[in-house]
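Provide a 3D model corresponding to the input given below.
(one chain, ligands or ions: 2)
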Amino acid sequence: MKYVKSLVCINCGAKYEPKADRYLCDQCDEKGLLDVEYDYQAIAKDWSKDELAANQDKSIWRYTPLLPIDPLTKKPALAVGWTPIYETPALAKELGLENLILKDDGLNPTGSLKDRASAMAVVKAQEAGAKTVACSSTGNAASSLAGNIASMGGEMDAVIFVPERAPAGKLAQLLIYGAQVVSVQGSYEEAFYLSDEAIKKWGWYNRNAAINPYLVEGKKTISLEIAEQLNWLMPDWVVYSVGDGCTIAGAWKGLYDLQQIGFIDKMPKFLGVQAEGCAPITKSFKTGNPLEVESENTLADSIAVGKPRNWIKAVRAVKASNGDMINVSDEEILEMMKITGRTTGVFGEPAGVTGLAGLKKAIAEGIISTDAKVVTVITGNGLKDVANARKAAGDPLKVKPDMDQLVELFKELGVTK
Ligand SMILES: *Cc1c(COP(=O)(O)O)cnc(C)c1O
Ligand SMILES: [Zn+2]
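Ligands and ions are numbered 1, 2, ... in the order given. As a prediction, this is how the structure comes out:
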């Protein structure tokens, strides 16, 4: 924490002492999201790329000088971060690009980028003196919290509020990790407000990403890694899918921090991608108007957020980068699950490939030129949502256990060897 100066309200500029359980500005309420402000000069003086390169810790904690934590706080045992990047010539060609790099964040311990925020929540909860961490979610935020808490070996507990409509498959990960799961007989919104009241009543730590300034700092490690893995040479564009807006805001903050300490000298443009059936942030970005709540009409459940709570930071990030936002249909998302799998061997869930689907469209619309250098992140693993993968991929060839029939079928398909 020695490099953290304060928490700054993005709405009114008020500054707060960086207490672990400080979430919002007292004056501005839900608009008063806070940013973690660092002493960049001191970090630049004490830290170097060489020192980082020599660090054997291949997890998000290798970036501790740029994280709002006490280095001595116990970390969850799961190895979060340092996911691989791939050059993807076949996928690049398919999209008409010369240069495309993919980072597979579905390879995090619980299968999504959310592990970066949840690991941070486990650390900050201890610093706040809390043993229990709570959140309301049906998806990756909840499962990553449950997994990271479980890796503390019984020292901490997770309480997860899920709406009644939460599909059975999604509950499995939570229950396997041993979280206390509360199924609220109501909507997601109602589950959120009940969790909020319970958090206040019992003094639990709050892992609701949009209002907790530290969680965005966990998410920003995606950018710190990309920059280091690319040897500090920034691409022209980075592309993210957008739900609540924390991921893209965090990714931008990470690069902003690196620029401030002189590790990179260029900010790439950010392309934010939402699903057509639920795109309130794109709308606000395009119109300049305050956010209007939308219904949640997309199969990309991880970004189906009708009332995003971090839209201000997301819009600010995309604008500051001179970037853009775009929407894609569910059909385009399903198609991209298939294209990505076939051309790269990386299996993303629908929200995990939504960025790529948006990239394809942005190239077609001339927003991104074909000679641009682009990086995108697969944010969640496809095995989390097998039903939609099957929808995208179709059925296998069915045969009786009979060689003649197989030969006949292969002949029809034109398979000759
Ligand atoms: C949460 C999530 C996102 C989007 O992050 P936001 O902070 O909600 O914008 C994208 N993809 C996956 C797989 C996610 O779980
Ligand atoms: Zn304020």
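
Which stretches in the stretch 151-300 of the chain count as strands?
Along the stretch 151-300 of the chain, counting by DSSP state E, counting those that start in this stretch, strands occupy 157-163, 180-184, 205-206, 237-241, 269-275.

Restrict the last one to CA atoms and write it as PDB.
The C-alpha atoms that make up strand 269-275 are tabulated as PDB, following Å, rounded to 0.1, in the frame of the first residue of the first chain:
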ATOM      1  CA  LYS A 269      -7.400   2.400 -28.900                       C
ATOM      2  CA  PHE A 270     -10.000   0.400 -27.000                       C
ATOM      3  CA  LEU A 271     -12.900  -1.300 -28.800                       C
ATOM      4  CA  GLY A 272     -15.700  -2.200 -26.400                       C
ATOM      5  CA  VAL A 273     -18.200  -4.800 -27.600                       C
ATOM      6  CA  GLN A 274     -21.700  -5.400 -26.300                       C
ATOM      7  CA  ALA A 275     -24.500  -7.800 -27.300                       C
END
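
one step back: of the strands of the stretch 151-300 of the chain, give the one that comes closest to residue 133.
Of all the strands of the stretch 151-300 of the chain, strand 205-206 sits nearest to residue 133, with 4.5 Å by CB to CB. All C-beta atoms are positioned from the backbone trio N, CA, C, and that covers glycine.

Quick one: residues contacting the residue nearest to residue 381 when sequence neighbours are not counted.
Leaving aside its chain neighbours, residue 381 sits nearest to residue 106 (3.3 Å; criterion: CB to CB, 6 or more residues apart in numbering). For residue 106, the contacting residues are 83, 112, 346-349, 352, 378-382, by CB atoms under 8 Å, 6 or more residues apart in numbering.

pLDDT and secondary structure added to these, as JSON lines?
Below are the contacts of residue 106 laid out as JSON lines (pLDDT from 0 to 100; DSSP: H, G, I helix; E, B strand; the rest coil):
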{"residue": "83", "pLDDT": "98", "secondary structure": "coil"}
{"residue": "112", "pLDDT": "95", "secondary structure": "strand"}
{"residue": "346", "pLDDT": "98", "secondary structure": "coil"}
{"residue": "347", "pLDDT": "97", "secondary structure": "coil"}
{"residue": "348", "pLDDT": "96", "secondary structure": "strand"}
{"residue": "349", "pLDDT": "95", "secondary structure": "coil"}
{"residue": "352", "pLDDT": "97", "secondary structure": "helix"}
{"residue": "378", "pLDDT": "98", "secondary structure": "strand"}
{"residue": "379", "pLDDT": "97", "secondary structure": "coil"}
{"residue": "380", "pLDDT": "95", "secondary structure": "strand"}
{"residue": "381", "pLDDT": "94", "secondary structure": "strand"}
{"residue": "382", "pLDDT": "93", "secondary structure": "helix"}
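
Does the least confident helix or strand in the chain by mean pLDDT reach ligand 1?
In the chain, no helix or strand scores lower on mean pLDDT, DSSP states H and E than helix 168-176, which sits at a mean of 82. No. If you take CB under 6 Å from any ligand atom as the test, helix 168-176 misses ligand 1, and the best it gets is 11.4 Å.

Quick check: which helices or strands does that helix pack against?
helix 140-150, strand 157-163, strand 180-184 (3 or more CB pairs under 8 Å, 6 or more residues apart in numbering; DSSP states H and E).

at 6 Å what do you get?
helix 140-150 (3 or more CB pairs under 6 Å, 6 or more residues apart in numbering; DSSP states H and E).

related to what we said a few turns ago, quick one: the least confident helix or strand of the chain to chain centroid distance?
Taking CA atoms, centre = their mean, to the nearest Å, one finds the center of helix 168-176 at 20 Å from the center of the full chain.

Tell me how far stretch 134-154 lies from the chain's centre.
Chain-centre distance of stretch 134-154: 15 Å, with CA atoms, centre = their mean.

List the contacts of residue 218.
116-117, 120 (CB atoms under 6 Å, 6 or more residues apart in numbering).

quick revisit: show me the one of the strands of the stretch 151-300 of the chain that comes nearest residue 65.
Across the strands of the stretch 151-300 of the chain, closest to residue 65 is strand 237-241 (CB to CB), at 22.6 Å.

Neighbouring strands - and their directions - for the closest one?
strand 269-275 (parallel), strand 373-378 (parallel) (DSSP bridges).

What is the neighbour count of the residue in the stretch 301-417 of the chain that ligand 2 sits nearest to?
Relative to ligand 2, the nearest point of the stretch 301-417 of the chain is residue 312 (11.6 Å; CB to the ion). Neighbour count of residue 312, defined by other CB atoms under 10 Å: 22.

and residue 319, how many residues sit next to it?
Neighbourhood size, residue 319 [other CB under 10 Å]: 15.

how far away is it from ligand 1?
16 Å (CB to the nearest ligand atom, to the nearest Å).

Same question for residue 337.
On the measure of CB to the nearest ligand atom, residue 337 and ligand 1 end up 12 Å apart.

ok, now residue 99?
Counting by CB to the nearest ligand atom - residue 99 and ligand 1 are separated by 23 Å.

same question, residue 299
Residue 299 is 13 Å from ligand 1, by CB to the nearest ligand atom.

quick one, phi psi at that residue?
The phi/psi pair for residue 299 (degrees, to the nearest 10) reads phi -80, psi -10.

what do you get for residue 325?
Main-chain torsions, residue 325, degrees, to the nearest 10: phi -130, psi 150.

now residue 267
According to degrees, to the nearest 10, residue 267 has phi -100, psi 120.

so who does it touch?
Taking CB under 6 Å, 6+ apart as the criterion, residue 267 is in contact with 255, 321.

And for residue 6?
15, 37.

Thanks a lot, catch you later.
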